[in-house]
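Visitor: need a 3D model of the following:
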Amino acid sequence: MFMLTDALLFRIWKRETAGQGGLLSGVDPTAFTTADSLKLCIIRICMIVLIGRLLSLALGKIRQPKVIAEVLGGILLGPTAMGRIPGFTEYIFPAQSLSYLSLVANIGICLFLFIVGLEVDASIITRNARSSLFIALSTTALSFGLGAAISVPLYHNFIGPPVEFVHFMLFTGVSFSITSFPVLCRILTALKLLDTTIGVVALTASMCNDVFCWSLLALAVALVNGASGLTALWILLAFVAFTAFLMWPVKIALLQFARFTESLENGPTIFFMLVILIVLWACAFFTDIVGISAFFGAFLAGVIVPREGALAVSLTKKLEDVVTIVFLPLYFTLSGLNTDLGLLNTGTTWGFIIAIMCLDFTGKFSICTITSRISGMNWRESSTVGSLMCCKGPVELIILNIGLSTGILTQRVFSMFVLEALVLTFITTPLVFVFYRPEQRVHALGKEAPRWSIGERDEDIDDSQSPVTEDQPWRSRFTVVIEKYDHMSGMLAATQLALPTPRGTETCVNAVRLIEMPDCDPEIRMSSVVHTLIRADPVMGAFRTFGELNNIRVLRSLYFVPYEDMSKTVSDHATQHGSELILLQWIPPSSIHGEDPCSPRSTKIEPTGIGNAAAMIHSQFVREILAESNADVALFIDPGTSLSGTGPGSARHIFFPFFGGPDDRLALEFVMQLCTHPGISATVIRMSKSGAARVAAQWPSIVRSKPEDSDKTQDTGYHGMPIQSTVVTPSISYGQTHFESETADTILWEQYVNSHSSFDIHPSIRAALSCITFSEHSSSIPLHSAIQQASMRKPVLVVVGRSHRFGSDDLTQELDNILNERDDDRKTIGNAATAFVASGCATAVVVLQAANVSTD
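Guide: Residues are numbered from 1 along each chain as shown. Okay, the predicted model is just below:
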C-alpha cells in the first residue's frame with residue numbers, strides 16, 4: 001500500500017514539474033498554459049509598450065497625445081494588420097489568454113479613473129462656473145441629441161434586435177457628448193495653453209462635461225443591466241445613495257484620517273495609502289455588484305480624496321507613472337485588438353463613418369463656438385474652445401468598451417466609433433494652431449489664473465508708461481526671481497538695495513517663485529493646493545513681511561513649470577506686469593576656499609575644473625533669461641551676506657569700471673539709483689586702453705533737439721540705442737553701430753561729470769551724484785587695473801555691464817590671460833564680471849544687461 005502511494009506521489013510530482021526545465025528541456029517558453037501564463041504575458045506587455053512608445057515618439061513630433069499611438073499600436077497588433085499574418089494571433093494573442101490580459105488592463109483602467117477623479121477640482125468649476133457650465137451644458141445637450149438622431153439609422157442598419165434601441169441610443173448619445181478631460185489636459189500642457197484664458201475655460205468646461213456624461217452613462221448601464229425598468233430604477237437609486245454616502249461621511253472621515261496620519265503635511269503615509277487603496281477597490285466592487293461598472297466606483301474614490309495640502313498631487317505622482325506606462329497601453333491595445341478595420345468594407349459603412357465624424361465634430365464645434373462667443377470671447381478664441389472640446393481620447397474608448405462588453409455594440413460599430421474618436425482627437429492640435437497662434441494668446445490673470453500659476457494681480461499695469469520720467473527718474477517696478485530657497489536671503493538684500501529712495505506709491509515688487517515640475521501633467525492639479533502653498537511657502541512669507549516693513553507693494557506669484565519653460569515664464573511675467581528691472585541671483589559653478597572665514601579673502605572663488613553640475617544648470621537658466629528677456633536685468637553675485645548692509649563686512653561702497661556700451665550705460669544709471677540710499681558712496685572710473693587715439697577728437701558735432709522738446713522722455717528704454725538718461729537733458733537717438741555707441745557713452749559721461757553746471761537736474765539725481773566720484777584711467781591692461789583699483793576699496797560692491805559689444809575696448813584677450821578655465825562663467829556673466837569674481841577682490845558683484853541687447 002505504501003509502495004502504491006509513493007508511486008502515485010511520484011507521478012503527480014513528475015506531472016507538475018513537467019516543463020520546469022524551460023528552454024533547456026526543449027519546452028517552448030512562449031506557449032500559453034492556464035497554469036503558467038506569465039511568460040506569454042511578459043512578452044505581450046513588452047511588445048505592447050514598445051510599439052506604443054515608438055509610435056508615440058513619431059506622433060509626438062506633431063504634438064499628438066500618446067493615446068493615439070497606443071490605440072494605433074493595438075490596431076496594428078489586431079486583426080487589421082499583424083493579425084492577418086498566419087498564426088500571429090493564435091500564437092501571441094490566443095483567445096483563451098485574452099481574459100488574463102483584460103483582467104490586468106481593467107485593474108489599470110480603475111487606477112487611471114481614480115487618477116482622473118483626483119484631477120477633478122471643484123474649486124476650478126466654482127471659479128469659472130458662469131461661462132464653463134453654460135458651455136458644458138449646451139454642448140452635452142446638443143451633442144447627445146445629435147447622437148440620438150444618428151442612432152436611429154445606425155440601429156436599423158447594424159444593430160437590430162435583441163438589443164434595445166433605447167440602450168443603444170443612450171450609448172451613442174454619451175459617446176457623442178463626451179470630451180476627454182485627461183487628454184485635453186495633456187494637449188493644453190503640450191501647447192502651453194494652461195496659463196491662458198482659453199485653457200482655463202476649456203479645462204473647466206471639459207471637467208463639467210465629463211461629470212454630466214458619466215452620470216448619463218451610469219443611467220445607460222443601469223438600464224442595460226436591469227431586467228426591467230423598475231430594476232434599473234433601483235440600480236440607479238442605489239448608485240445615487242452610494243455616491244451621497246461617499247461625498248459626505250466617507251470624505252469627511254478621510255480628511256480626518258489624513259490629519260491623524262499627518263499625510264497633509266508630510267505627504268501620504270504607507271498607512272494612508274493602504275486605506276485609500278482599500279477604499280478604491282471597495283468602491284469599485286460595490287458599483288460593480290449593484291449593476292454599475294466598477295470604473296464608476298474608482299472614479300468616485302478619486303473624487304473624495306481630500307484636496308487640502310498637496311495630498312492629491314502626491315497620490316497622483318505615486319501612481320501615475322506605472323499606470324500610464326504599463327496599464328493604459330494594455331487597455332488601449334485591447335481596444336485596438338477589438339477593432340477590425342477590415343469590417344469597414346462597404347460604401348454604406350464608410351458613409352456612416354463620415355456622417356458620424358462630421359455630425360459629431362460639427363455639432364460640438366458649432367455649439368461650443370457660439371456659446372463661448374456669447375460668454376464674451378472673440379470668434380478666434382471661441383473657435384479654439386470649440387476645437388478643444390472635440391477631443392475624445394481614452395474616455396470615449398472606455399465607454400465604447402463598456403458598450404462592447406455588454407453586447408450593445410457590435411464589433412463593426414465599435415470599430416466605426418474607435419476610428420471616429422481617433423480622427424477627432426488627432427485634428428484637435430492642428431485646429432488649435434490654426435485658430436490660436438502663440439502670438440495671439442491672452443494669459444489669464446487674477447481669479448482666472450491658470451491652474452499651474454497662482455499670484456496676486458497688479459491692477460495698475462500701464463505698458464505705455466516710460467520706465468523713468470522727469471518726476472520719477474528711478475526704476476520702481478521690479479520682478480524678483482527666486483528659483484531656489486537658498487536664494488531668498490540674498491535676493492531680499494538685493495531688492496532692498498535696488499529700491500529707490502525716496503519710494504513713491506508706484507514702487508512695486510513682483511516676487512516670482514519658481515518650482516520645477518518635471519512632469520507636465522501634475523501642473524493641472526495644483527489649483528486646489530497652490531493657494532495654500534503660496535501662503536505657507538517661507539519665501540513668499542518673507543517677501544510679504546518685506547513689503548510690510550518697507551511699506552511697499554509686493555505681489556507674489558508661484559509657478560509650477562518644467563525646467564525648460566522657467567526662463568520664458570520669467571520673461572512673460574515681467575512683460576505682463578510692466579517690470580522695469582528683473583533681479584535674479586547667480587551661483588557660479590565653483591567651490592569656495594579660504595583660510596580664515598573672517599578674512600575678506602575667505603570668499604575667493606576658485607575654479608573646480610569639472611564644476612558643480614547643479615550650478616552649471618542654473619547658469620544655463622540665467623543665460624536663457626538674459627537671452628529672452630525684454631526688460632533690463634540685474635544679476636547679483638553675492639558669496640555671503642554682504643548686500644544686506646547689516647554685518648561688519650557689508651559693502652557700503654560701490655566700484656564701477658565704465659568700459660562703455662549699452663550695458664555699461666545701464667549700469668551707470670543703476671549705480672546712481674543705488675547711491676540714493678543713505679551712507680552709500682561710489683567710485684566710477686572710465687577705463688580705456690593707453691596708446692589708443694582718443695575718440696573724442698573724431699566725434700562729430702551733435703545736433704541737439706529743441707529746448708521745448710527737452711521734457712520728453714524716450715519710450716524705448718534701454719534698447720541699446722537710443723540712450724535714456726535720468727539727467728533731464730535732450731534725448732539723442734543713435735543707431736547700433738560701434739562708433740555711435742561710443743558717442744553715446746561720452747555724452748552720458750559728460751552729462752554726469754559736468755552735472756554741477758546744470759540747473760535742470762532733478763534734486764534726487766543731484767543728491768546721488770554728490771555721492772559719486774568720477775575719474776578716468778588709461779592703461780594697456782584696463783581690466784587688470786580695474787581689479788587693482790577695486791582691491792584697494794574693500795569691502796566693495798562691484799557693478800559691471802555684462803556685454804561690451806559696443807564698448808570702446810575688447811576685454812576678451814585680456815581676460816584670456818587672466819583665466820582660461822571659466823568659459824561657462826563668461827557666457828553667463830560676461831568678461832568683466834568673470835575677472836572680478838575670479839580675482840576675489842569684490843565683496844559682491846552686480847551684473848547689468850540692458851533690454852534687447854545682443855549677448856556676447
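Visitor: show me what the most centrally placed residue in the chain bridges to in the sheet.
Guide: Central residue of the chain (Cα atoms, centre = their mean): Val561, 3.1 Å from the mean position. Listed beta-bridge partners, Val561: Glu516 (assigned using DSSP bridges).
Visitor: model confidence for it, exactly?
Guide: Looking at Val561, its pLDDT is 77.
Visitor: hmm, it is touching Glu516, no?
Guide: Yes: counting by Cβ atoms under 8 Å, Glu516 is a contact partner of Val561 at 7.2 Å. Placement of C-beta: from N, CA and C, glycine included.
Visitor: and stretch 76-86, average pLDDT?
Guide: 86.
Visitor: got it, and stretch 656-669?
Guide: Here the average pLDDT along stretch 656-669 is 88.
Visitor: likewise stretch 245-265?
Guide: On average, stretch 245-265 scores 91.
Visitor: from the chain's centroid, how far away is it?
Guide: 30 Å (Cα atoms, centre = their mean, to the nearest Å).
Visitor: alpha carbons only: can I get it in CSV?
Guide: Output of stretch 245-265 as CSV, limited to C-alpha atoms (Å, rounded to 0.1, in the frame of the first residue of the first chain):
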residue,chain,number,x,y,z
PHE,A,245,-22.5,58.4,1.2
LEU,A,246,-19.1,58.8,-0.3
MET,A,247,-19.3,62.5,-0.7
TRP,A,248,-20.2,63.3,2.9
PRO,A,249,-19.4,60.8,5.6
VAL,A,250,-16.6,59.0,3.9
LYS,A,251,-15.0,62.2,2.5
ILE,A,252,-15.0,63.8,5.9
ALA,A,253,-13.7,60.6,7.5
LEU,A,254,-10.8,60.5,5.0
LEU,A,255,-9.9,64.1,5.8
GLN,A,256,-9.8,63.5,9.5
PHE,A,257,-7.8,60.3,8.9
ALA,A,258,-5.3,62.3,6.7
ARG,A,259,-4.8,64.8,9.5
PHE,A,260,-4.4,61.9,12.0
THR,A,261,-1.7,60.3,10.0
GLU,A,262,-0.1,63.7,9.2
SER,A,263,-0.4,63.0,5.5
LEU,A,264,-1.5,66.6,4.7
GLU,A,265,1.8,68.0,5.9
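Visitor: buried stuff in that stretch?
Guide: 246, 250, 254-255, 258, 261, 263-264 (16 or more other Cβ atoms under 10 Å).
Visitor: closest to Leu419 out of those?
Guide: Set against Leu419, the nearest of the buried residues of stretch 245-265 by Cβ to Cβ is Leu246 (36.3 Å).
Visitor: so the closest one touches Gly302, yeah?
Guide: No: at 10.7 Å, Leu246 does not count as touching Gly302 under the criterion of Cβ under 8 Å.
Visitor: just checking, Ala421 touches Glu396?
Guide: Yes: the pair formed by Ala421 and Glu396 meets the contact definition of Cβ under 8 Å, at 4.6 Å.
Visitor: so what sits against both of the two?
Guide: The contact sets of Ala421 and Glu396 overlap at Ser175 (Cβ atoms under 8 Å, 6 or more residues apart in numbering).
Visitor: show me what secondary structure element comes after the strand or helix carrying Asp745.
Guide: Assigned by DSSP states H and E, Asp745 belongs to helix 738-753. The helix or strand immediately downstream of helix 738-753 is helix 763-769, counting by DSSP H and E.
Visitor: which parts of that next one are buried?
Guide: 764-765, 768-769.
Visitor: quick check: of the buried residues of stretch 245-265, which lies closest to Ser314?
Guide: Of these, the one sitting nearest to Ser314 (Cβ to Cβ) turns out to be Ser263, at 8.1 Å.
Visitor: for the closest residue to Cys508 other than its chain neighbours, grab the count of nearby residues.
Guide: Spatial nearest neighbour of Cys508, excluding adjacent residues (Cβ to Cβ, 6 or more residues apart in numbering): Arg553 at 4.6 Å. The number of residues packed near Arg553 is 16, by other Cβ atoms under 10 Å.
Visitor: let me know the pLDDT of Arg553.
Guide: Reported pLDDT for Arg553: 88.
Visitor: what's the answer for Val418, then?
Guide: 91.
Visitor: any idea how far stretch 578-591 is from the chain center?
Guide: Computed by Cα atoms, centre = their mean, the chain-centroid distance of stretch 578-591 equals 21 Å.
Visitor: next one: stretch 661-678
Guide: On Cα atoms, centre = their mean, the centre of stretch 661-678 falls 35 Å from the chain's centre.
Visitor: buried ones in that stretch?
Guide: Neighbour-count burial for stretch 661-678, counted by 16+ other Cβ under 10 Å, picks out 661-677.
Visitor: rewinding a little: now tabulate the buried residues of stretch 245-265 in TSV and tack on secondary structure and distance to Asn630.
Guide: Shown next, in TSV, are the buried residues of stretch 245-265 (DSSP: H, G, I helix; E, B strand; the rest coil; distance: Cβ to Cβ, whole Å):
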residue	secondary structure	distance to Asn630
Leu246	helix	50
Val250	helix	51
Leu254	helix	47
Leu255	helix	45
Ala258	helix	44
Thr261	coil	48
Ser263	helix	43
Leu264	helix	41
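Visitor: what ranges do the helices span in the stretch 51-200 of the chain?
Guide: Applying DSSP state H, counting those that start in this stretch to the stretch 51-200 of the chain gives helices spanning 66-77, 88-92, 98-119, 122-127, 129-154, 165-177, 181-190, 197-225.
Visitor: going by distance to Cys41, which of the buried residues of helix 763-769 wins?
Guide: Using Cβ to Cβ, Ala768 comes nearest to Cys41 of the buried residues of helix 763-769, at 76.0 Å.
Visitor: and that closest one, how far from Leu674?
Guide: Here Ala768 is placed at a distance of 8 Å from Leu674 (Cβ to Cβ, to the nearest Å).
Visitor: just list the residues touching Pro306, thanks.
Guide: 251, 254-255, 258, 264, 312.
Visitor: what's the farthest-apart pair in the residues you listed?
Guide: Between all members of the contacts of Pro306, the farthest pair (by Cβ to Cβ) comes out as Lys251 and Leu264, at 14.2 Å.
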